[in-house]
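Got a sequence here, can you model it:
(one chain, ligands or ions: 2)
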Amino acid sequence: MHNAYFHFAAPVNEPVYSYAPGSPERVALKKQLAAFKAQEADIPMYIGGKEVRTGKTQELRPPHEIKHKLGQFHTGDATHINDAITAALQARAQWADTPWEQRAGIFLKAAELIATKYRYHLNAATMLGQSKNAYQAEIDSACELIDFLRFNVHYLSEIYNQQPYSPQGIHNRLEYRPLEGFVLAVTPFNFTAIAGNLPTSAALCGNVVVWKPADTQVYAANVIMKVLIEAGLPAGVINLIYTDGPLLGDVAFSHPDFAGIHFTGSTAVFQQMWKTIGTNISKYKTYPRIVGETGGKDFVLAHKSADVDVTAIALARGAFEYQGQKCSAASRAYLPSNIADAVKAKLVAELATMKMGTTEDFSNFINAVIDERSFNKITNYIENAKKDPKAKIIAGGTYSKAEGYFIAPTVIEVTDPHYVTMCEEIFGPVLTIYTYDAEKFEEIIATVDSTSSYALTGSIIAQDRYAIDLATKKLVNSAGNFYINDKPTGAVVGQQPFGGARASGTNDKAGSMLNLYRWLSARTIKETLVPPTDYRYPFLKED
Ligand SMILES: NC(=O)c1ccc[n+]([C@@H]2O[C@H](COP(=O)([O-])OP(=O)(O)OC[C@H]3O[C@@H](n4cnc5c(N)ncnc54)[C@H](O)[C@@H]3O)[C@@H](O)[C@H]2O)c1
Ligand SMILES: N[C@@H](CCC=O)C(=O)O
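Ligands and ions are numbered 1, 2, ... in the order given. Here you go, the predicted structure:
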C-alpha cells in the first residue's frame, strides 16, 4: 500500500580514495589483497536464492600472476540457464508488486555496503581478477558502481513523477510497469561497475533478471552478488550463472518470456544476438528491449593550437590506463604537423616512466591484459606493424606471457590514416598516431568521421575556439561522448551519461534516466469521473 509519494534526492558522486602512501585505505586494501591471495575461493552460481555447485569448474588466476590460483567457479549448462529463467519468472509477480521504495531500499543498502564494509573486497577482487591497479579499481568497482546504484534510484523517482495532464472531469495517470518476462544481463570483463549495473538497473525497475558475466570477471561478480544478498535482494530476482555465451543465447533467446537484453561487450557478439532475436521474434509474448553498448575506435584530434603537454597527457592516460582495455580508450590520434614531434617526444618520454607489473605492487601504472586470447590478438597487431613498412613502432612493442599477460604500452606511427590499427578495435595498450598537415584541419575532421564504423568516444584538443566549434559540429555523429581538451575516457555517472551510436551500440546511456526507460513499459490509465449516459452528440438534437 502506498500512502505517500516518496522522492529520492539527487546524490553526490562517491568520493574517490587516493590510496596514497600512509593512508588508511591503502593499508586496508593491501590487507584484503593478501587475504584473498591466502585462500582459494570456490564460487557457486546463484539460482533462485540457492548456491549451485556443479563440480564442472574453471580456474581463476590473476592475469598478472598466472601461476597463482585464486580459486575456481562452477559452470552450468542448458539446465542451469532454464533453471535461472524459471526462478526469475517465479519471483516476478511478487517483485513487480513490491512497492518501489522497498526495492530502492535494497539497492541503496547495497551501495552503502560497497562504500563501507565491502569497498576493499570489491576493489581487491577487481585488482586480482581483472588486473586493475588500485586507482582504476577504486574509480570502477567502488565509486562507479556505488554511483550507478544511488543515481538510478534518484532517476527512477524522477521518472515515476512524470505524469500526464488531466483536464477537468478526467484523471489520467501513467504507471511504469516492469517488462512482462525476464531480462537477460550479459556483462563484459573490463568494468565491475558495468557488471553490477546491467542486472541491477533492470531489477530496480521491477524486472527479474538472469545475469551472465564474462568468465574473466567472475571473481568480482561473486562479491557483487554476495553484497546484493546481504542487502536483502529476494531469491530469484537476479540469478547469476556462468555458462557458455552462445549456449545462453540459444536457450534464452528462444524462450517465450524473454523480454529484454541488457548487454555490454563486443560489437560482433551484440550483432549476433540481435540477429537471433530477430529470427525468433514471433516466439515472444512481447517485443523484447534490445540494449547493447559495444566496441569503439576512439579518437583524439589535436588542432594546431593545441597545447603540447595537454595533448601528450590526454594520450598517455586516455590510451594506456587499464592497458587500453576501456571501450573509451584513445586508440587513434591525429596530430597536426606543427606540434606532432613535440607531442610524440613528450608521450614517449612519459611512457618510459610507466612501470609495469602486478597490481599488488602499487608503484605499477601498467598491469596485465585480461587473458591469453587477448594477449595473442593484441601482439599479433604489434607483430604485423613491425613487419609493415607503412608502420613504425616508436614506443613499446615488447611483451611477455611468462609470468602474466604483459604488453608494454605501444605507439605505432603510420603514414596512412586508414592503416589497419587506425580502423580496428584492438582493445589493448596500443595507440596509433597519424600526423596531418596542420593547415588541413577540415579535411582531417572528415577523415576522423569516416574512418571507423564505431562512434563511442572522441576528443578535440585545441585552444582556438573556432576550431573547437567546428570539430564539435562536424563530428556530431562520430562519438556519443565527446570531450574538449580532455582524454576520451573516465565518464562519471550523473555527469557524463555514457554510450555511443553507429556500431558502438544503442546509445541508451548507462548512468542516466534514458537507460531506465528501456526497462519500463508504461500503462496509461484514464479515469472518467462522471461518464456520459447518452450516446447522442448535442448537435444531433432537433432545433
Ligand atoms: N560501449 C560500452 O559501454 C562498453 C563498455 C565496456 C566494454 N565494451 C566493449 O566490450 C568489449 C570487451 O569486453 P568483452 O571482451 O567481455 O566482450 P565480449 O563480447 O567478448 O563478451 C561480453 C559478454 O558476452 C558474452 N558472450 C560472448 N559471446 C557470446 C555469445 N555468442 N552469446 C551470448 N553471450 C556471449 C561473454 O561471455 C561476456 O559475458 C570491447 O569490444 C569493448 O569495447 C563496451
Ligand atoms: N565508462 C568508461 C568506459 C566503459 C567501457 O569500457 C569510461 O568512460 O571510460
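
Dump the one helix or strand residue 445 maps to to CSV, restricted to CA.
Using DSSP states H and E, residue 445 sits in helix 441-451. Output of helix 441-451 as CSV, limited to C-alpha atoms (Å, rounded to 0.1, in the frame of the first residue of the first chain):
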residue,chain,number,x,y,z
PHE,A,441,42.0,20.7,-40.3
GLU,A,442,38.7,20.4,-42.1
GLU,A,443,40.0,17.6,-44.3
ILE,A,444,41.2,15.6,-41.3
ILE,A,445,37.9,16.1,-39.5
ALA,A,446,36.3,14.4,-42.4
THR,A,447,38.8,11.5,-42.1
VAL,A,448,38.2,11.2,-38.4
ASP,A,449,34.4,10.9,-39.1
SER,A,450,34.6,8.4,-41.9
THR,A,451,37.5,6.1,-40.8
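
Just name whatever secondary elements it is in contact with.
strand 298-302, strand 330-336, strand 430-436, helix 465-474 (3 or more C-beta pairs under 8 Å, 6 or more residues apart in numbering; DSSP states H and E). Yep, even glycine has a C-beta here, placed from its N, CA and C like the rest.

possible to save these as a markdown table with mean pLDDT and distance to residue 311?
Converted to a markdown table, those look like this (pLDDT from 0 to 100; distance: least, C-beta to C-beta, whole Å):
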| stretch | mean pLDDT | distance to residue 311 |
| --- | --- | --- |
| strand 298-302 | 99 | 5 |
| strand 330-336 | 99 | 7 |
| strand 430-436 | 99 | 11 |
| helix 465-474 | 98 | 13 |
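
Make a markdown table out of these and add distance to residue 155.
Putting the helices and strands packed on helix 441-451 into a markdown table (distance: least, C-beta to C-beta, whole Å) gives the following:
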| stretch | distance to residue 155 |
| --- | --- |
| strand 298-302 | 26 |
| strand 330-336 | 29 |
| strand 430-436 | 35 |
| helix 465-474 | 27 |
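
Near ligand 2, which residues of the stretch 51-200 of the chain are found?
Counting by C-beta under 6 Å from any ligand atom, the stretch 51-200 of the chain comes close to ligand 2 at 190-191.

Would you map the strands across the stretch 51-200 of the chain?
Counting by DSSP state E, counting those that start in this stretch, one finds strands in the stretch 51-200 of the chain at the ranges 57-60, 71-74, 170-178, 182-186.

okay, these, which one's buried deepest?
Of all the strands of the stretch 51-200 of the chain, strand 182-186 has the most neighbours on average by mean count of other C-beta atoms under 10 Å, namely a mean of 28.

What is the burial count for the closest residue to ligand 1 within the stretch 101-250 of the chain?
Taking C-beta to the nearest ligand atom, ligand 1 has its nearest neighbour within the stretch 101-250 of the chain at residue 245, 2.4 Å off. Residue 245 has 15 neighbouring residues, counting by other C-beta atoms under 10 Å.

Compare the strands of the stretch 51-200 of the chain and give me the one nearest residue 84.
strand 182-186 (8.6 Å; C-beta to C-beta).

CA atoms only for the closest one, dumped as CSV, please.
The C-alpha trace of strand 182-186 is given here as CSV (Å, rounded to 0.1, in the frame of the first residue of the first chain):
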residue,chain,number,x,y,z
PHE,A,182,12.7,-11.8,-17.7
VAL,A,183,15.6,-9.6,-18.6
LEU,A,184,19.0,-11.1,-19.6
ALA,A,185,22.1,-9.2,-18.5
VAL,A,186,25.3,-10.2,-20.3
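
Identify all contacting residues around it.
Applying C-beta atoms under 8 Å, 6 or more residues apart in numbering, the contact partners of strand 182-186 are 85, 88-89, 92, 198-199, 202, 207-212, 245, 248, 252, 255, 257-265, 273, 289, 519.

Inside strands: which ones of those?
208-212, 258-264, 289 (DSSP state E).

and ligand 1, which of those contact it?
Within these, those near ligand 1 by C-beta under 6 Å from any ligand atom are 212, 264.

Of the ones in strands among the contacts of strand 182-186, which is the nearest to residue 229?
residue 211 (13.1 Å).

could the ones in strands among the contacts of strand 182-186 go into a markdown table alongside pLDDT?
Formatted as a markdown table, the ones in strands among the contacts of strand 182-186 follow (pLDDT from 0 to 100):
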| residue | pLDDT |
| --- | --- |
| 208 | 99 |
| 209 | 99 |
| 210 | 99 |
| 211 | 99 |
| 212 | 98 |
| 258 | 99 |
| 259 | 99 |
| 260 | 98 |
| 261 | 98 |
| 262 | 98 |
| 263 | 98 |
| 264 | 98 |
| 289 | 98 |
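
contacting residues for residue 196?
145, 148-149, 224.

where along the stretch 301-450 of the chain do the strands fall?
330-336, 391-395, 399-400, 406-407, 410-414, 430-436.

out of those, nearest to residue 320?
Nearest to residue 320, of all the strands of the stretch 301-450 of the chain, is strand 430-436, at 7.5 Å by C-beta to C-beta.

CA atoms only for that closest one, dumped as CSV, please.
In CSV, the C-alpha atoms belonging to strand 430-436 read as follows (Å, rounded to 0.1, in the frame of the first residue of the first chain):
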residue,chain,number,x,y,z
VAL,A,430,48.3,0.1,-28.5
LEU,A,431,47.9,3.7,-29.8
THR,A,432,48.3,4.6,-33.5
ILE,A,433,49.3,8.1,-34.5
TYR,A,434,48.9,9.8,-37.8
THR,A,435,50.4,13.3,-38.5
TYR,A,436,48.3,15.6,-40.8
